[in-house]
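[1] here is my input; please provide its structure:
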Amino acid sequence: MCKSCDSTSSANTTDRRRFLRIAGLGAGALLLSGALPGRFVTAAEKTAAPPKPQNAINPDQALQRLIAGNERYVSGNSDTHDFKDEREALVSGQNPFVAVLSCSDSRIAPEYAFDTARGDLFAIRVAGNFVTGEGLASLEYAVAVLGAPLILVLGHESCGAIDAGIKALKDSTVFPGHIPKLTEALKPSIEKVLKQPGDLMENATAQNVKDSVQSLKGATPLITDALDKGKLKIVGGVYRLATGKVELIA
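    This is a model prediction of the structure:
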């Protein structure tokens with residue numbers, strides 16, 4: 001091999017090694033910061049002050065704050081929020097004090113119902129407010145990474161998904177498209193209350209909330225770990241359409 005070629009080969013090898021060393025250091029820094037996948041940077045590992053210090057509260061405080069917000073909403077005395085300052089404060093991140101699994105119904109707006117501001121409420125919405133794989137993953141993220149101390153499963157009166165589930169079960173109604181995925185998911189809760197006294201729709205709505213709460217309480221390992229350590233509380237409620245009041249039932 002000529003000296004020129006040998007010199008070029010050595011230089012290329014040195015350059016490649018230098019590049020790999022720099023790239024490795026860069027990737028490691030990004031991984032630690034949470035910018036690259038590999039492992040979550042949990043709420044406990046974050047050392048910087050949270051974007052909203054007032055949201056760094058325990059589960060009982062979070063629940064009381066949620067109830068107080070709903071009371072303001074029901075009475076028509078909701079707070080005035082400065083959305084401009086909130087947007088700027090949340091550019092660096094988020095630390096919501098509650099994660100809500102609610103129905104997609106346009107009449108149910110959790111942020112309004114609990115008089116919360118930006119960065120306060122982490123929302124997962126699906127018609128029928130039941131636990132899906134994607135929804136569970138989102139709640140795990142809210143708890144393990146964002147540090148949310150409270151999960152609320154929120155059902156509501158006159159739920160169209162629950163009504164469809166009842167019709168599919170009792171009348172063998174077949175719905176078009178992918179709607180049967182909703183009715184099938186809600187079927188177990190409806191079956192539990194078919195023979196109970198009272199209004200079937202209301203009973204099924206409540207049972208669906210209770211079943212979703214129980215499902216989440218058994219979700220390993222992230223949610224069960226937070227529950228065991230006292231860092232998380234999971235509750236369920238039903239939203240009343242006429243008044244806006246949320247009644248806790250689980």
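
[2] hmm, Leu66 is touching Glu111, no?
    No - between Leu66 and Glu111 there is no contact under C-beta atoms under 8 Å: 11.7 Å. The way it works is simple: take the backbone N, C-alpha and C, and place the C-beta from them, glycine included.

[3] looking at these two, which one has more neighbours?
    Leu66 (26 against 15; other C-beta atoms under 10 Å).

[4] got the contact list for that one?
    Leu66 sits next to 97-98, 114, 150, 152 when contact means C-beta atoms under 8 Å, 6 or more residues apart in numbering.

[5] got the buried residues for the helix or strand containing it?
    Per DSSP states H and E: Leu66 is located in helix 59-75. Buried positions in helix 59-75, judged by neighbour count with 16 or more other C-beta atoms under 10 Å: 59, 62-63, 65-66, 69-70, 73-74.

[6] now do the strands in this protein.
    98-102, 121-125, 150-156, 233-239, 246-248 (DSSP state E).

[7] now tabulate those in CSV and tack on mean pLDDT, distance to Met201 and mean neighbour count.
    Formatted as CSV, the strands of the chain follow (pLDDT from 0 to 100; distance: least, C-beta to C-beta, whole Å; neighbours: other C-beta atoms under 10 Å):
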stretch, mean pLDDT, distance to Met201, mean neighbour count
strand 98-102, 98, 17, 26
strand 121-125, 98, 20, 21
strand 150-156, 98, 11, 26
strand 233-239, 98, 11, 23
strand 246-248, 98, 15, 18
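
[8] ok, Lys210 - contacts?
    189, 236, 249-250.

[9] oops, could you answer that again for Ser104 instead?
    Counting by C-beta under 8 Å, 6+ apart, Ser104 has contacts 125-127.

[10] quick check, nearest of these to Asp211?
    Among the contacts of Ser104, Val126 lies closest to Asp211 (C-beta to C-beta), at 14.3 Å.

[11] could you report the neighbour count for Asn77?
    Neighbour number of Asn77 under other C-beta under 10 Å is 9.

[12] mind listing the helices for the protein?
    Per DSSP state H, the chain carries helices over the ranges 3-33, 59-75, 83-89, 110-113, 133-144, 160-170, 179-193, 200-217, 222-228.

[13] please report how far Ala142 lies from Arg87.
    Distance of Ala142 to Arg87, computed by C-beta to C-beta, to the nearest Å: 20 Å.

[14] looking at these two, which has the bigger crowd around it?
    Legend: neighbour count by other C-beta under 10 Å for Ala142 and Arg87, higher for Ala142 (27 against 11).

[15] residues contacting the closest residue to that one other than its chain neighbours?
    Nearest non-adjacent residue to Ala142, counting by C-beta to C-beta, 6 or more residues apart in numbering: Ala99, 3.9 Å away. By C-beta under 8 Å, 6+ apart, the contact list for Ala99 reads 121-124, 138-139, 142-143, 148, 150-152.

[16] could you redo the last one with a cut-off of 7 Å?
    Ala99 is in contact with 122, 124, 139, 142-143, 148, 151, counting by C-beta atoms under 7 Å, 6 or more residues apart in numbering.
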